[in-house]
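Fold the following, please.
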Amino acid sequence: MNRLDGKVALISGAARGIGAATARLMVEAGAKVAIGDVLDERGRETARAIAGAGEAAIYLHLDVTSEDDWTTAVAATVARFGGLDILVNNAGLFLGKGIEEASLEEWHRLCAVNLTGVFLGTKLALPALRERARQSSHGSAIVNLASVAGLVGSQNDPLYSLTKGGVTLFTKSTALEFARKGYRVRVNSIHPGVIQTDMGDQTFVSRARNLGTNDVDAARRLAVSNHPIGRLGMPDDIARGIVFLASDDAAFMTGAGLVVDGGLTAQ
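Residues are numbered from 1 along each chain as shown. You can find the predicted model right below:
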């Protein structure tokens, strides 16, 4: 199940966290993976740890707000591995400020990474994905990292929620466009709850500040209590969902959102 034998993936923001876990699980499932990020040293370490003595993973410098970086990363992936079957738009920012506190500069940066980065990745990887789809019985796949904050409102970060809501509807719209055009490129989104990553830690700081306590441990306990399953998510919890959506086991899924949130939005 969920095998990726012979497939090639490009993952943005994959030096650490969910992206790194996804890269590792994809290689374990038989894929070749290009790890894109701006954290060059961390990204190279991640690629070496995943590939070991083999050549299943490479690191590429990728600022998702840069058209040139995307063009170079896609070309390098195709040159190294012979094609591109899977794009994971994983890179993202969390601001953690209310509307009154956030500056216009911060808003522009949030949009640049969370929205423009997804647009550029999709647009510039599409030719390679479309070409590879012609050779595959089930086509190619794009997986966009959205959030539960892209499904329901966020009292802690309405601006982050705004960008992730955009990713949610962009996913559905591109899925329909590519289907209409016969590209055979599926597009789905995944919606994590609170995950124990660097970004997850930022949410605890934000929650504590908004509660007026600055008690980060209390904010963490509150977050745990909000998840009916009784714990926070781990990067592998989300990575497994991404691998499924990228695999041929999800061949009849496009324009869908996979919620992996420990029951958070079921309440």
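
Check the burial of Leu176 by counting its neighbours.
Residues near Leu176, counting by other C-beta atoms under 10 Å, number 13. For the C-beta atoms, the positions are set from N, CA and C on the backbone; glycine is no exception.

Find the nearest non-adjacent residue to it, please.
Excluding its sequence neighbours, the residue lying closest to Leu176 (C-beta to C-beta, 6 or more residues apart in numbering) is Gly255, at 6.2 Å.

for this structure, what spans make up the helices?
Applying DSSP state H to the chain gives helices spanning 17-28, 40-51, 67-81, 104-111, 117-133, 158-180, 198-211, 216-225, 235-246.

tell me the mean pLDDT over the last one?
The one in question is helix 235-246. Across helix 235-246, the average pLDDT comes to 98.

Of all the residues in that helix, which ones are buried?
By 16 or more other C-beta atoms under 10 Å, the buried positions in helix 235-246 come out as 235, 237-246.

centroid residue for this protein?
The chain has Asn90 as the residue nearest its centroid, 2.2 Å off, counting by C-alpha atoms, centre = their mean.

For it, which residues are in contact?
Neighbouring residues of Asn90 by C-beta atoms under 8 Å, 6 or more residues apart in numbering: 11-14, 18-19, 22, 145, 242.

residues in contact with the residue nearest to Leu176?
Gly255 touches 171-172, 175-176, 179, 187-188, counting by C-beta under 8 Å, 6+ apart.

Pipe these into TSV and attach distance to Ser103 and pLDDT per row.
Below are the contacts of Gly255 laid out as TSV (distance: C-beta to C-beta, whole Å; pLDDT from 0 to 100):
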residue	distance to Ser103	pLDDT
Thr171	28	98
Lys172	31	98
Ala175	34	98
Leu176	35	98
Ala179	39	98
Val187	32	98
Asn188	33	98
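
returning to what we had before: so which of the buried residues of helix 235-246 is the closest to Gly6?
Among those, Ala246 lies closest to Gly6 (C-beta to C-beta), at 12.8 Å.

Quick check: the closest one touching Ile86?
Yes - counting by C-beta atoms under 8 Å, Ala246 does reach Ile86; the two are 4.5 Å apart.

Overlap of the contact sets of the two?
Both Ala246 and Ile86 are in contact with 4, 7, 9, 26, 141, 143, where contact means C-beta under 8 Å, 6+ apart.

can you pull the buried residues of stretch 38-52?
Residues of stretch 38-52 classed as buried: 38-39, 42-44, 46-47, 50-51 (neighbour count, 16+ other C-beta under 10 Å).

so what pLDDT did Ile214 get?
Wrong residue type there; residue 214 is Asn, not Ile. Looking at Asn214, its pLDDT is 75.

do the same with Ala208
In this model, Ala208 carries a pLDDT of 63.

re the thing from before, lowest-confidence stretch among the helices of the chain?
Taking the mean pLDDT of those, helix 198-211 comes last: a mean of 70.

picking that back up, could you redo the helices of the chain as a markdown table and give each row distance to Tyr59?
Listed next are the helices of the chain as a markdown table, based on distance: least, C-beta to C-beta, whole Å:
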| stretch | distance to Tyr59 |
| --- | --- |
| helix 17-28 | 10 |
| helix 40-51 | 4 |
| helix 67-81 | 10 |
| helix 104-111 | 24 |
| helix 117-133 | 17 |
| helix 158-180 | 25 |
| helix 198-211 | 18 |
| helix 216-225 | 31 |
| helix 235-246 | 18 |
